Structure formats: C-alpha cells, structure tokens
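Asks: Sharing a model that was predicted from the sequence below.
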Amino acid sequence: MSWSPLMRSELIRRFCSLHGREPAIIARAPGRIEFIGNHTDYNGGTVLGAAIDRGVWVGVAPRTDGRRRFASAAMTDVVETVADASRPLAGKDAWANYPLGMLVSLAAAGVAVPAGFDFLAVSDLPPGAGLSSSAALELASGLAFARLAGAEPPRVTLVRAARHAENTFVGVPCGILDQAVSGFGRRGHLVHIDCRGPDFSTVPLPAGTGFRIFNTHTRHALVDGLYAERHRECGEAARALGVALLADLDSAGLEARARGVPEVPLRRARHVVGEISRVAACVAALRAGRIEEVGRLLAVSHESSRTSFENSTPELDFIVEGLMRTPGVFGARLTGGGFGGAVMALVAEPFAPESAERVAAAYNERFGARPDVLAVGTADGASLENP
Ligand code: ADP
Ligand code: MG
C-alpha cells in the first residue's frame with residue numbers, strides 16, 4: 001500500500017481556495033503504529049514502531065508582512081499570529097501550537113525558520129486514536145518551514161525539535177517514539193529506537209503481513225493526567241529500585257531489588273522492563289522469520305498492559321480477545337499510550353474483511369458502538385513533496 005495521491009491534490013486545491021495561490025512547499029509526514037514497547041521510550045528503553053500510509057500533508061507559502069496564518073481542513077477558523085509571538089495558544093486555537101512549537105524549537109536548535117507565511121494542513125489520520133497525528137503534524141510542519149527558510153536540518157534535528165515542541169510548547173510529556181517513527185519510517189520495515197542514544201535502525205517486516213487498526217473512538221476522560229501519572233510512577237519505581245532509568249534493569253535485576261518496593265510502582269516497572277525484553281525478542285524473532293512468536297509477544301504485551309500497567313480498557317481488551325481467536329491474526333495489542341484509542345493487529349495478507357467485521361459486530365453488540373477498521377500498510381518517513 002502507498003500514499004494516496006489524492007491527499008496532495010486535495011491540499012493544493014484547498015490551499016488555493018483559502019489562500020488564493022499555490023503552496024510554495026509541500027511536506028507530508030506519516031502517522032505511526034506502536035508495534036511493541038509500551039511506555040518504554042521515556043524510561044530510556046527500546047521500542048518498535050511502523051510509519052503508516054496515512055498522515056498529515058502541510059503546504060506553506062511565504063508572506064512579506066510577517067503574518068502567520070494557520071489553517072487546517074479539520075478546523076473551521078484560521079489562526080493568525082505574528083512572527084515574534086512565541087507563547088502557546090489556548091482554547092480552540094490550541095491545535096496551532098504543534099506548528100508554532102516547531103518554529104520555536106527549530107529556531108532554538110539553530111535552524112532557520114520563515115517569518116511570515118500562509119499554512120494549511122490536511123490529514124487522513126483520525127486524531128486522538130493513538131496513531132500520532134500530533135507527531136505527523138509536527139514533522140510535516142517542521143520540514144516545510146525549514147525548506148521555506150532555505151534550511152536542510154539533519155533528520156535527527158527535526159525529530160528532536162518535534163519532541164521538544166510537544167514537551168515544552170504543547171505540554172505533553174511524551175518520549176521520542178512518535179516523532180522518531182514519523183521521521184525515520186521505512187516502507188516494509190519497523191523502526192527500532194533505542195531511546196537512550198537515541199539510536200534509530202530498521203527491521204524488515206516479513207512479506208505477506210499487514211496491519212488492521214480498530215479505532216474504538218473511546219478516550220478516557222483523564223487520559224492526559226493518567227499518562228502523566230504513569231510517567232511519574234515509573235520515575236518513582238526507578239528511584240525505589242536504585243537506578244536512574246528503568247531501562248537500566250533487566251528482569252533478573254529488577255526482581256533482585258524488588259523487596260520493599262511498593263506494589264504499584266513495582267508492577268509498572270515489571271511492565272516496562274518486560275516490554276524492553278519483548279522488543280529484543282521480537283527483533284530476534286523477526287530476523288529469524290518466526291512470525292508466530294512475534295504474534296505471541298504482542299499478546300503478552302497486551303496482557304501486561306492490562307494487568308501490570310493498567311493502561312488498557314474493557315473496550316480494548318474485548319477487541320484483542322476477539323482478534324486472538326480470529327484465523328489469520330498473528331497477534332494484537334493496544335497501540336499507543338492506552339486508556340482508550342485503538343488496537344493494532346498483525347495479520348496475514350490477504351486478510352478476510354469478514355473476519356474483521358465479525359470482531360467489529362461483536363463489539364457493537366457489547367458496547368453499542370462500531371469501531372472503525374482501517375487497513376494500513378507501512379510507509380517511508382516524512383518527506384518533501386514539492387509542487
Ligand atoms: P494523536 O497524536 O494520537 O493523534 P494527540 O492528542 O497527541 O493524539 O494529538 C491530537 C491533536 O493534534 C488534536 O487534538 C489536534 O490539536 C492536533 N491535530 C492532529 N491532526 C490535526 C489536523 N489535521 N489539523 C489540526 N490539528 C491537528
Ligand atoms: Mg500525539
């Protein structure tokens with residue numbers, strides 16, 4: 001599967017009708033699947049993700065009056081700022097903090113950015129589903145801004161600036177997973193990130209496999225607070241276990257130090273340390289072509305989320321259980337931070353649509369709402385797609 005050419009023409013058409021001219025620069029950046037390695041990134045661990053063939057497209061054109069006009073096909077109003085305004089926006093304009101934050105973070109990293117411009121984003125990623133529309137928006141914006149100012153920052157600078165923008169300007173304490181996969185994705189591959197370096201590499205996916213995403217459209221009311229709470233609990237656990245980062249421990253080391261550590265931080269630590277070992281096991285299994293074992297590791301990961309990290313929900317559990325009984329499914333787990341959002345399944349292609357439909361129908365019966373089922377393929381990382 002590859003990028004929809006419709007997205008690019010849709011961007012140009014909308015840009016012309018809104019801003020009265022064509023974009024000078026076009027960039028796209030993919031969303032991502034968290035394949036395995038849940039909540040490992042901010043603990044200094046490893047994670048596997050895949051860039052997908054859905055994402056955000058951004059067009060920009062220069063203005064000489066220093067005004068910055070941000071528009072998105074997903075939003076009704078145009079957000080207007082001036083070049084020296086560098087504070088986060090609130091309320092309905094807050095979505096523009098992703099591109100605004102990129103301008104601030106790129107400049108802080110010494111990358112030239114444009115003063116005034118017109119901006120438009122179009123997307124075929126469902127926002128808030130755990131497919132990282134936010135990182136896709138950041139990467140596409142950052143690439144477009146740098147090019148408009150004549151700069152060509154190294155990919156790693158762009159990825160770091162995007163995470164910095166999300167942490168400091170948007171205010172989400174995320175690790176580097178989302179931005180790194182959107183930046184370093186490769187078609188037909190998973191991206192392996194060692195978050196401590198950070199170091200990035202890719203691992204081929206076996207031919208004949210594909211992904212299905214089940215978006216439940218559920219989102220825990222306290223999801224941001226719960227994410228921050230898990231972040232804090234992991235820090236607490238590391239302190240109680242006498243290490244700087246949970247990634248400093250393997251399972252044996254963790255158990256050797258477990259005595260006296262309170263139960264909740266200990267369970268969080270077991271999940272994270274377990275996930276890091278499952279990432280390594282997954283890479284080995286992928287390289288050896290042991291796809292059933294990869295699927296089993298995905299299922300173990302979900303079970304660990306459910307019981308130890310407590311970031312799953314009855315809705316996500318129901319879909320994973322249904323999928324694990326479905327022929328052609330190697331494995332399934334929640335993807336992303338959890339507390340709602342989406343389930344990812346690794347399937348054998350071609351995967352019968354009726355099989356996905358059965359799981360969706362059973363969910364509908366149980367919860368009274370239909371999940372969206374998306375067939376997604378892998379894709380390359382963020383790129384310029386100039387007119
Ligand atoms: P995720 O990254 O998993 O999709 P987040 O909550 O991190 O979820 O990011 C979603 C937010 O990103 C949206 O609420 C919105 O502010 C912003 N966003 C994503 N896509 C777009 C878009 N196409 N146009 C405007 N804002 C967007
Ligand atoms: Mg996000």
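Replies: Cool, the structure landed. Numbering: from 1, shown residues only. Ligands and ions are numbered 1, 2, ... in the order given.
Asks: In three-state terms, label the residue of the chain found nearest ligand 2 for me.
Replies: Closest to ligand 2 within the chain is residue 134: 3.2 Å, counting by Cβ to the ion. From N, CA and C alone the C-beta is placed, and that goes for glycine too. Following DSSP: H, G, I helix; E, B strand; the rest coil, we place residue 134 in the helix state.
Asks: and the nearest residue to it once chain neighbours are set aside, how many neighbours does it have?
Replies: Distances taken as Cβ to Cβ, 6 or more residues apart in numbering place residue 98 nearest to residue 134, at 5.9 Å, with adjacent residues excluded. The tally of other residues near residue 98 (other Cβ atoms under 10 Å) stands at 27.
Asks: so what's residue 98 up against?
Replies: 134, 137, 138, 141, 165, 166, 170 (Cβ atoms under 8 Å, 6 or more residues apart in numbering).
Asks: top of the residues you listed by neighbour count?
Replies: residue 138 leads the contacts of residue 98 on contacts (other Cβ under 10 Å) with 35 neighbours.
Asks: would you say that residue is within a strand?
Replies: No - per three-state DSSP, residue 138 lies outside any strand segment and is helix.
Asks: Just put the contacts of residue 98 in JSON lines and tack on pLDDT and distance to residue 156.
Replies: Shown next, in JSON lines, are the contacts of residue 98 (pLDDT from 0 to 100; distance: Cβ to Cβ, whole Å):
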{"residue": "134", "pLDDT": "95", "distance to residue 156": "19"}
{"residue": "137", "pLDDT": "98", "distance to residue 156": "19"}
{"residue": "138", "pLDDT": "98", "distance to residue 156": "14"}
{"residue": "141", "pLDDT": "98", "distance to residue 156": "17"}
{"residue": "165", "pLDDT": "97", "distance to residue 156": "15"}
{"residue": "166", "pLDDT": "96", "distance to residue 156": "16"}
{"residue": "170", "pLDDT": "94", "distance to residue 156": "20"}
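Asks: In CSV, list the residues you listed along with distance to residue 74.
Replies: Shown next, in CSV, are the contacts of residue 98 (distance: Cβ to Cβ, whole Å):
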residue, distance to residue 74
134, 12
137, 10
138, 15
141, 14
165, 19
166, 18
170, 16
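Asks: Ligand 1: which of those residues is nearest?
Replies: Proximity of the contacts of residue 98 to ligand 1 (Cβ to the nearest ligand atom) peaks at residue 134, which lies at 3.4 Å.
Asks: Go ahead and confirm residue 52 touches residue 380.
Replies: No - between residue 52 and residue 380 there is no contact under Cβ atoms under 8 Å: 10.7 Å.
Asks: Now list whatever residues contact both of the two.
Replies: The contact sets of residue 52 and residue 380 overlap at residue 30 (Cβ under 8 Å, 6+ apart).
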